[in-house]
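Undergrad: quick one: sequence and predicted model below, then my questions.
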Amino acid sequence: FYFYSAPENFNEEMLRGKRVIVTGASSGIGEQMAYHLARMEAHLLLTARTEAKLQKVVERCLELGAASARYISGSMDSPSLPEQVLREAENTWGGLDMLILNHIGQSGFTYFSGDVGHVRKLLETNFVSYVALATAALPMLKESEGSIVVVSSIAGKIAGPFTAPYSATKFALDGFFSSLRQELIIDKVNVSITLCILGYINTESAVRAVSHVIPDTPAPKEECALEIIRAGVLRRRELHYPGSSVGTMLLLHSIAPELLDSIVRSSYRLENVQRT
Ligand SMILES: NC(=O)C1=CN([C@@H]2O[C@H](COP(=O)(O)OP(=O)(O)OC[C@H]3O[C@@H](n4cnc5c(N)ncnc54)[C@H](OP(=O)(O)O)[C@@H]3O)[C@@H](O)[C@H]2O)C=CC1
Ligand SMILES: C[C@H](CCC(=O)NCC(=O)O)[C@H]1CC[C@H]2[C@@H]3C(=O)C[C@@H]4C[C@H](O)CC[C@]4(C)[C@H]3CC[C@]12C
C-alpha cells in the first residue's frame with residue numbers, strides 16, 4: 001500500500017485550477033479527457049501531430065470553461081518533443097499537477113508482417129516518449145505531489161493475435177512504470193502512477209481497425225475518459241475499464257490462459273483479417 005493517503009471520493013472540483021498535460025488529445029479518448037478537464041476548470045496543455053485538430057479542441061475547451069488551454073503539435077517519435085512540452089509547462093505555469101500519457105502511433109490490426117523498423121518506431125512513439133515525458137515531468141510533479149497517468153490496454157497485459165508490435169509497446173509500459181512506482185515509494189516520493197488497462201473503446205480509429213473482425217460492442221469513449229481522470233485523481237494503482245470485460249479476461253488469464261487464448265481466437269472473424 002502507499003505510504004501516503006489517497007483521497008477516497010472523486011469530486012470534479014479537485015481538478016479546478018490544476019495544471020494538466022494530455023498527450024494524444026486531438027481525437028478519441030484524449031480529446032474526451034480534454035473536454036472533461038475543461039468542464040472541471042483545469043489548465044490544459046494538449047499535444048498531438050495535427051495542428052488543425054488541436055486548435056479546434058483548444059477552442060472547444062475554452063468554451064467549456066478551461067482555466068486556460070494551449071497546445072504543442074509534433075510527433076512523439078521526435079526525441080526533442082518531450083522536453084519541449086515540459087519546458088512549455090514550466091514556462092507558462094511554473095509547475096505541473098498531472099501528466100496524462102495517452103498518444104499512440106499508427107499500427108494495424110493484422111498478422112505481423114516482419115517489419116522490424118515498424119516495431120522500432122512504434123516503441124519510440126508508444127513507449128520511449130512516455131519514459132522521456134515522465135522523466136522530464138518528475139521534478140515538477142515531485143514539487144506538486146502530482147500524478148502520472150499511463151493509458152494502456154488489455155493488450156498490454158494479455159497478448160491476443162494481430163497486435164504484436166502494439167502489444168509489445170504496452171507490455172513495456174507496464175514493466176517500466178510499475179517498477180518506477182516501486183522506486184518512488186521506496187524513496188518516499190509522493191507522485192502517483194496510475195496504469196489504465198482499457199478494453200475495446202468506441203473511438204473512430206479503434207472501430208475502423210477492428211469492427212470487421214471483432215463483433216463486440218465497444219465501450220463509450222466519454223465514460224472511459226472520465227474514469228481515467230477519476231483514477232488519476234484518486235491515485236489508483238490501476239484502472240480496469242470496462243471493469244466487467246477487462247476483469248473477467250484478467251481473471252481467466254491468471255487461472256486458465258490457454259482457454260482464454262482459444263476463446264479469443266474463436267470469437268474473431270478471422271476470414272476478415274487482411275494480410276499486409
Ligand atoms: N480505443 C480503444 O479501443 C483502446 C484504446 N486504448 C488506448 O487508449 C489511448 C487512446 O486511444 P484512442 O483514443 O483510441 O486513439 P486515437 O487514434 O483516437 O488517438 C490517438 C492520438 O494520438 C495522436 N498521435 C498519433 N500518432 C502520434 C505521434 N506519432 N505523435 C504524437 N501523437 C500522435 C493522435 O493525433 P494525431 O494523429 O493528430 O497525431 C491522437 O490524438 C491509447 O493509448 C490506446 O492504446 C487502449 C485500449 C483500447
Ligand atoms: C477487442 C479487444 C479485447 C477483447 C475484449 O475485451 N473485448 C470485450 C470488451 O473489450 O468489452 C480489444 C482490447 C484492446 C483493443 C486494442 C487496443 O488496445 C487499441 C488499439 C488502438 C488502435 O487504434 C487500433 C485498435 C487497437 C489495436 C484495439 C483493438 C481491439 C482490442 C484488441
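TA: Looks like it arrived, so ask away. Ligands and ions are numbered 1, 2, ... in the order given.
Undergrad: for the residue of the chain found nearest ligand 1, which residues are in contact?
TA: In the chain, the residue that lies nearest ligand 1 is Gly28 (2.2 Å; C-beta to the nearest ligand atom). C-betas here are computed from N, CA, C, even on glycine. Residues near Gly28 by C-beta atoms under 8 Å, 6 or more residues apart in numbering: Ile201, Thr203, Glu204, Ser205, Ala206, Lys221.
Undergrad: are we agreed that the fourth one is in a helix?
TA: Yes. When the secondary structure is assigned by DSSP: H, G, I helix; E, B strand; the rest coil, Ser205 falls within a helix.
Undergrad: distance check, it against Tyr268.
TA: 19 Å (C-beta to C-beta, to the nearest Å).
Undergrad: and Cys61, by the same measure?
TA: Distance from Cys61 to Tyr268, by C-beta to C-beta: 38 Å.
Undergrad: who's more crowded, Ser205 and Tyr268?
TA: Ranked by neighbour count (other C-beta atoms under 10 Å), Ser205 and Tyr268 place Tyr268 first, with 17 against 12.
Undergrad: verify the stated contact: the more buried one with His212.
TA: No. Contact between Tyr268 and His212 fails when scored by C-beta atoms under 8 Å: they sit 10.1 Å apart.
Undergrad: what is whichever strand or helix holds Leu250 packed up against?
TA: Assigned by DSSP states H and E, Leu250 belongs to helix 243-255. The contact analysis (3 or more C-beta pairs under 8 Å, 6 or more residues apart in numbering; DSSP states H and E) places helix 243-255 against strand 192-198, strand 238-241, helix 257-267.
Undergrad: for the stretch 51-200 of the chain, give me the ranges with low pLDDT.
TA: Nowhere does the stretch 51-200 of the chain drop to pLDDT under 70.
Undergrad: contact residues of it facing ligand 2?
TA: Phe109, Ser153, Ile154, Ala155, Gly160, Thr163, Tyr166, Gly199, Tyr200 (C-beta under 6 Å from any ligand atom).
Undergrad: tell me who's in contact with the second one.
TA: Yep, that's Ser153 we're talking about. Tyr166, Ser167, Lys170, Ile197, Leu198, Gly199.
Undergrad: Met76 touches Thr125, doesn't it?
TA: Yes. With contact defined as C-beta under 8 Å, Met76 reaches Thr125; the gap is 5.0 Å.
Undergrad: which one's more surrounded, those two?
TA: More crowded of Met76 and Thr125, by other C-beta under 10 Å: Met76, with 25 against 20.
Undergrad: how about the secondary structure of the more buried one?
TA: coil.
Undergrad: quick check: which element contains the nearest residue to it once chain neighbours are set aside?
TA: Spatially, and ignoring its direct neighbours in sequence, Met76 is nearest to Ser129 (3.9 Å; C-beta to C-beta, 6 or more residues apart in numbering). Assigned by DSSP H and E, Ser129 belongs to helix 129-144.
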